[in-house]
Every structure is written in C-alpha cells, then in structure tokens.
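Q: Sharing a sequence plus its predicted fold:
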Amino acid sequence: MESVSKIRRWILVEGRSIRSVARATGLSRNTVKKYLKDDSSPSYQRQAPPVRHNLCDGFDARLQELFGQDQKRPRRERRTATKLCEQLVSEGYTGSYSPVQRFNRDLKRADAGSGAAFIPLHFAAGDALQFDWSEERVVLDGVEQKVKVAHFRLCHSRKPFVIA
C-alpha cells in the first residue's frame, strides 16, 4: 500500500514525528504506530469466497446449443447474453442474468482460443513501404495554390517521408 510506505519513509528516513505524520495523513497516531511496527504491507483477507451461482439444471446444455446455433449465424445476427437470458426465461429458467452471462463469456473464450492466430509481420530494411497522397492548399509568394503531397512510411523502421 502506497500510504504505508510513505508513512514509514516520512518517519524513518526524513525523521518526521508521529504526530506530524498523523496530522498530515488524517490517521490516528495509533494507526501510524501500527504501520511502523509491522514490516509487511497491509493486505485484504477475504472472509469467505464469493458466491457464484450456477445455471439451473439442464439449462447449461440448452445454452451451449443456442451458442452453437449463433456461431453459424453472421456476426451481426448473433444473440447477446441478454437475449439468450430472455429466451431461457421464456423456456422456464428461474435464475438470474449473471450465471448466463458468465457461461456465455466462457463459451466465447473457449471458442476464440481455437480460431485465428496473430501473425506479426516483419519486413527487411528497404523491402516494403506504405503510400498515400493528399491535396493541400499552401500560400507561395502570396498566391494560394493546390499542392499534391505524397506520404510514404517505411515498414521496417516506420519512418515517415512527405514529398510535395
């Protein structure tokens, strides 16, 4: 925790008093003394693990079936977790939205792991470049003119060049 290390530094390194540190931080002197005694930084200990409700009986298989149907549809026509939950409720599901959303997210992650891979592109120096052009208006000797500008970017070094 940042404040504990700051308090310890103020007192042990800078030589400030416990009372002045307590005043500056808004903590009690007892809390400042406790931070000085303890060498380890404070941490939060959860009393009990969070409750994660699961899907009701049989609805996980139905949700997998609906997800499989959605994978065959175009991306824009696929159902969101909200729509899937509404459909399950119409079929008799009595649980909440969160388990449906978690189950749907896990299915998407498992499906995404089996698909496309990222392949980084590497170019040798001078091997490739990107090109674009634009028309700009500039003033030369008091006369406004239209100038065509070529934009180059080398793929290896990513260095840009602009030529008018």
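A: Right, received. Where do you want to start? This one's a predicted model, so the numbers in the text were calculated from it and none came from an experiment.
Q: next SSE after the longest helix along the chain?
A: For the chain, the helix with the greatest residue count under DSSP state H is helix 97-112. Downstream of helix 97-112, the next assigned helix or strand under DSSP states H and E is strand 129-140.
Q: so what's the closest residue to residue 85 other than its chain neighbours up against?
A: Excluding its sequence neighbours, the residue lying closest to residue 85 (C-beta to C-beta, 6 or more residues apart in numbering) is residue 100, at 4.3 Å. (Each C-beta comes from the backbone N, C-alpha and C, glycine too.) Listed by C-beta atoms under 8 Å, 6 or more residues apart in numbering, the contact set of residue 100 reads 55, 63, 81, 84, 85, 88, 93.
Q: by contact count, what packs against the helix or strand containing the fifth one?
A: By that I understand residue 85. Under the criterion of DSSP H and E, residue 85 resides in helix 81-90. The contact analysis (3 or more C-beta pairs under 8 Å, 6 or more residues apart in numbering; DSSP states H and E) places helix 81-90 against helix 59-72, helix 97-112.
Q: and that helix, what's its mean pLDDT?
A: In this model, helix 81-90 has a mean pLDDT of 92.
Q: Which segments of this structure make up each domain?
A: According to automatic domain parsing, the chain comprises the domains 2-37, 59-112, 129-163.
Q: can you list contacts of stretch 23-34?
A: Outside stretch 23-34, the residues that touch it by C-beta under 8 Å, 6+ apart are 3, 7, 10, 11, 18, 19, 21, 22.
Q: export the one helix or strand in the chain whose mean pLDDT sits lowest as PDB, just CAs?
A: Between all helices and strands in the chain, the lowest mean by mean pLDDT, DSSP states H and E belongs to helix 2-8, at a mean of 83. This file holds the C-alpha atoms of helix 2-8, laid out as PDB (Å, rounded to 0.1, in the frame of the first residue of the first chain):
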ATOM      1  CA  GLU A   2       1.400   3.300  -1.000                       C
ATOM      2  CA  SER A   3       0.400   5.300   2.100                       C
ATOM      3  CA  VAL A   4       2.100   2.800   4.400                       C
ATOM      4  CA  SER A   5       5.400   3.100   2.600                       C
ATOM      5  CA  LYS A   6       5.000   6.900   2.600                       C
ATOM      6  CA  ILE A   7       4.400   7.000   6.300                       C
ATOM      7  CA  ARG A   8       7.400   4.700   7.000                       C
END
